[in-house]
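Q: From the sequence below, what's the structure:
(chains A and B)
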2 protein chains.
Amino acid sequence: MITTANVKNGVNVDQLVETISHIQEQPELAKFQFRAKNNWIDGGHCVSSIKSFYGAGAEDSSREETFTMECSHPQVLLGQDEAATPPEVVLHALGSCLTGAMVYHAAANGIDIESASSSLEGNADLHGFLGLDPEVRTGFNGITFKLKVKSDASAEQLENLAKFSPVFDMITNPTPVSIEIVKE
Amino acid sequence: MITTANVKNGVNVDQLVETISHIQEQPELAKFQFRAKNNWIDGGHCVSSIKSFYGAGAEDSSREETFTMECSHPQVLLGQDEAATPPEVVLHALGSCLTGAMVYHAAANGIDIESASSSLEGNADLHGFLGLDPEVRTGFNGITFKLKVKSDASAEQLENLAKFSPVFDMITNPTPVSIEIVKE
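A: Predicted coordinates:
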């Protein structure tokens, strides 16, 4: 007898159900730590490398590639435009995370997603970053996420699934960041 | 007479002072809108493209390259590990932004930064994402940013400069995200 994996939306649902079952038996398996290393190049130009992480009760040994990615700034923000700005990279992470969360939770609920594409916009006012007005925040004062999706589920249902997104949580709710600076 | 630009830490300070002066004369120039387009590939694998933005009173026409970047998930999170996860990408954006903010504000204050490198860690508990415990958040419950820096300024002073970071603001304070889902 040939058995095929139960895959929906590209997600192995059998493995997902197994993961949930393992975590219910051993809650410690749910703890993950993600990491990045960042090096300053010059001005507003930095490069990060991402590889190791902890999860499912162990240091990961499966990831073979180190992912490197840069941030920079366009000329109007005094850079040489070698890469996207950090706020743009946040939009990338947010769009990917909302979409991925919707897709995983749709798979778990037996909902097919045929296609999904989105656009994101974030509005900022440089009075904040430049320290010209302490009432103006330095980050985006708001982000819009517009998603086009082919699925039998309702828009409301899909929105509720997308909102499981970890990055959506980190952006819409306060996430504490502890800063430690060591002089060399 | 040859004049050379006043560049500190890779930041053109003359241009920075000019920018501030222009914004003080015309506050509308401070408004920026950043954008990203995101396409779902399958499972938790997405690709974004980033190019256009609005700022300094006009649609940008300087950026020539479209920046493309992916997000994916490692095998333990049911992916094929084609790229970093969205929360890891947030760490990249946060580290780059804190560093860049410190560097720009140091330049504006006449402070030299000789070198800077950092590591970031974010801790998460999958009980949140999997919907197993509504009390557990889906995002990082905390992030640590450890920065090694060579500079004559004090660690406290450098920390205050880094905290002008727009992404730091977006992570530590709530940023509203409006979601609009259109069925195709």
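Q: And the helix ranked longest in chain A, what's buried?
A: The helix that spans the most residues within chain A, counting by DSSP state H, is helix A:86-108. By 16 or more other Cβ atoms under 10 Å in any protein chain shown, the buried positions in helix A:86-108 come out as A:86-108. The way it works is simple: take the backbone N, C-alpha and C, and place the C-beta from them, glycine included.
Q: Near chain B, list only the ones from those residues.
A: When Cβ under 8 Å from any Cβ of the partner chain is applied, the members of these adjacent to chain B are A:86-101, A:103-105.
Q: need the next SSE after the longest helix of chain A, C-terminal direction.
A: On the C-terminal side of helix A:86-108, the nearest following helix or strand under DSSP states H and E is strand A:113-125.
Q: Check which helices and strands the helix or strand following that next one sits against.
A: Later in the chain than strand A:113-125, the nearest helix or strand by DSSP H and E is helix A:126-129. Using 3 or more Cβ pairs under 8 Å, 6 or more residues apart in numbering or on different chains; DSSP states H and E as the contact definition, the elements that helix A:126-129 packs against are helix B:13-25, helix B:166-172.
Q: 10 Å - rerun?
A: Packing contacts for helix A:126-129, counted by 3 or more Cβ pairs under 10 Å, 6 or more residues apart in numbering or on different chains; DSSP states H and E, involve helix B:13-25, strand B:31-42, helix B:86-108, helix B:166-172.
Q: What separation do you get for the one residue sitting closest to the centre of chain A and B:V136?
A: When chain A is reduced to its mean C-alpha position, the closest residue under Cα atoms, centre = their mean turns out to be A:A93, at 3.7 Å. A:A93 is 20 Å from B:V136, where distance means Cβ to Cβ, to the nearest Å.
Q: do you know how far A:N6 is from chain B?
A: Distance of A:N6 to chain B, given as Cβ to the nearest Cβ, to the nearest Å: 12 Å.
Q: right, and that residue touches A:A108 too?
A: No - here A:N6 lies out of contact with A:A108, judged by Cβ atoms under 10 Å, at a distance of 11.1 Å.
Q: between these two, what contacts are shared?
A: A:V13, A:L16, A:V17 (Cβ atoms under 10 Å, 6 or more residues apart in numbering or on different chains).
Q: Now cross-check the residues you listed against chain B and list the overlap.
A: The subset of the shared contacts of A:N6 and A:A108 within reach of chain B, by Cβ under 10 Å from any Cβ of the partner chain, is A:V13, A:L16.
Q: Make a markdown table from the shared contacts of A:N6 and A:A108 and add pLDDT, neighbour count and distance to B:D125 to it.
A: Listed next are the shared contacts of A:N6 and A:A108 as a markdown table, based on pLDDT from 0 to 100; neighbours: other Cβ atoms under 10 Å in any protein chain shown; distance: Cβ to Cβ, whole Å:
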| residue | pLDDT | neighbour count | distance to B:D125 |
| --- | --- | --- | --- |
| A:V13 | 96 | 18 | 22 |
| A:L16 | 95 | 19 | 17 |
| A:V17 | 94 | 12 | 19 |
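Q: between the shared contacts of A:N6 and A:A108, which is closest to chain B?
A: When the shared contacts of A:N6 and A:A108 are ranked by distance to chain B (Cβ to the nearest Cβ), A:L16 comes first, at 6.1 Å.
Q: For that closest one, give me its contacts.
A: Under the contact definition (Cβ under 10 Å, 6+ apart), the residues listed for A:L16 are A:N6, A:K8, A:Y104, A:H105, A:A107, A:A108, B:L77, B:L78, B:L130.
Q: Adding distance to A:E114 and pLDDT, write those residues out as JSON lines.
A: Conversion of those to JSON lines gives the following (distance: Cβ to Cβ, whole Å; pLDDT from 0 to 100):
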{"residue": "A:N6", "distance to A:E114": "18", "pLDDT": "92"}
{"residue": "A:K8", "distance to A:E114": "11", "pLDDT": "96"}
{"residue": "A:Y104", "distance to A:E114": "16", "pLDDT": "98"}
{"residue": "A:H105", "distance to A:E114": "16", "pLDDT": "98"}
{"residue": "A:A107", "distance to A:E114": "13", "pLDDT": "97"}
{"residue": "A:A108", "distance to A:E114": "17", "pLDDT": "96"}
{"residue": "B:L77", "distance to A:E114": "23", "pLDDT": "97"}
{"residue": "B:L78", "distance to A:E114": "19", "pLDDT": "96"}
{"residue": "B:L130", "distance to A:E114": "24", "pLDDT": "96"}
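Q: Among those, find me the one that's closest to A:G44.
A: Nearest to A:G44 out of the contacts of A:L16 is B:L77 (Cβ to Cβ; 31.4 Å).
Q: how near is the closest one to A:S117?
A: 22 Å.
Q: Look at those two and report which has more neighbours.
A: Higher neighbour count among B:L77 and A:S117: B:L77, with 22 against 17, using other Cβ atoms under 10 Å in any protein chain shown.
Q: Could you point out which residue ranges in chain A have low pLDDT?
A: Confidence mapping of chain A against pLDDT under 70 gives the ranges A:1-3.
Q: nearest spatial neighbour of A:L147, skipping sequence neighbours?
A: A:S118 (4.3 Å; Cβ to Cβ, 6 or more residues apart in numbering or on different chains).
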